[in-house]
Structures are given as C-alpha cells and as structure tokens.
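Q: predicted structure and sequence below. I'll ask about it afterward.
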Amino acid sequence: MNFDSELVQKARFDTLTTMDRTPYPTDLTDRQWRLIEPHVPRPKPGGRPARYARREIVNAVLYQARNGCTWRALPHDLPPYRIVFHYFRAWQADGTWDKIHDALRTKVRRAAGKTPRPTAAIVDSQTVKGTEHSSPNGYDGGKKDGRPQAVRGR
C-alpha cells in the first residue's frame, strides 16, 4: 500500500513538472523558451525541490498578461495562481523580467541591423482638452484664507 501511494505521488509530481496539457496560444514555443531560459532563475539548491517547471510558471504569467484575467482566474491546468504570482513578483523585484526584456530587445535590434541599445527615445503625450468655459476649481494655495474657492463666497 505504501509503495502504491509513493507511485501515485511520483506520478503526480511528474505531471506537475511537465507540460501534459493542451497548449494555450500564449505558451512559449521551444525556440522561445531556449531564448529566455538562461535569464530565468533556477530553483535554489537544497530545501524542497521545485514542484512546477519554470517554463510552466512563465507560461502562466504570459497567459495572465495576454488575457487580462485576475490571478485567481488562471486555468486549473496551469500552476496554482499563488505560486505563479509569487514568482512574478519575485522576478519583478530581482530584475528577471528586465533582463529578459533587454535580451530580447538586443536580439531584435541586431536582427534589424541596429545597435543593440537604442540611442534615442520618443515620448508622446496625449493632449486633454478642457471644457469650453473652464475655470479654476478647488483649493488655491495662493489664497490667504486657505479655503476652497467654492466655500469662500459664502
């Protein structure tokens, strides 16, 4: 009986670490994974072994980013949302996402015959029009009494 439960646990662990599911359109191809894999932190040595493959965690983050769903709404065949969100925030804090972005940007720019790092940037701001009869509202720090303009007239 104990031997059977160990086999079940091992089988369950194997299915969690491999992609044994129908792929989503947001999943990384093998070629894409080879490009970013060197930049994704490996599991730390010692302690409990990783239960989910890093590729599956990245696939779950890409699914969430593309579909705009809440973390809790991740499909059940991806790693649990708490684990995915944990790695998303950890990799955000340690600069992993920036490293991946920089590496991909460099590769794309080189393929286009450009320098690896951009030399200029364009910033575009949208102009927001005021109303036809716009007038100052609210608190004006230059007034002596320090009360909002609407209250001052009373």
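A: Ah, there it is.

Q: just name the shakiest helix or strand of the protein by mean pLDDT.
A: The weakest-scoring helix or strand in the chain, judged by mean pLDDT, DSSP states H and E, is helix 2-17 (a mean of 43).

Q: contacts for stretch 86-94, please.
A: Under the contact criterion C-beta atoms under 8 Å, 6 or more residues apart in numbering, stretch 86-94 has outside partners 40, 41, 57, 61, 96, 97. (Glycine included, C-beta is placed from N, CA and C.)

Q: go again with 10 Å.
A: With C-beta atoms under 10 Å, 6 or more residues apart in numbering as the contact definition, stretch 86-94 has outside contacts at 39-41, 52, 54, 57-58, 60-61, 64-65, 71, 79-81, 96-100.

Q: cool, stretch 22-33 as well?
A: Stretch 22-33 is contacted from outside by 19, 21, 34-37, 40, 54-56, 58-67, 75, 77-78, 104, using C-beta under 10 Å, 6+ apart.

Q: derive a ChimeraX selection command for the buried subset of these.
A: This is how ChimeraX selects the buried members of the contacts of stretch 22-33, with burial counted by 16 or more other C-beta atoms under 10 Å:
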select :36,40,54,55,56,58,59,60,61,62,63,64,78
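
Q: lovely, talk soon.
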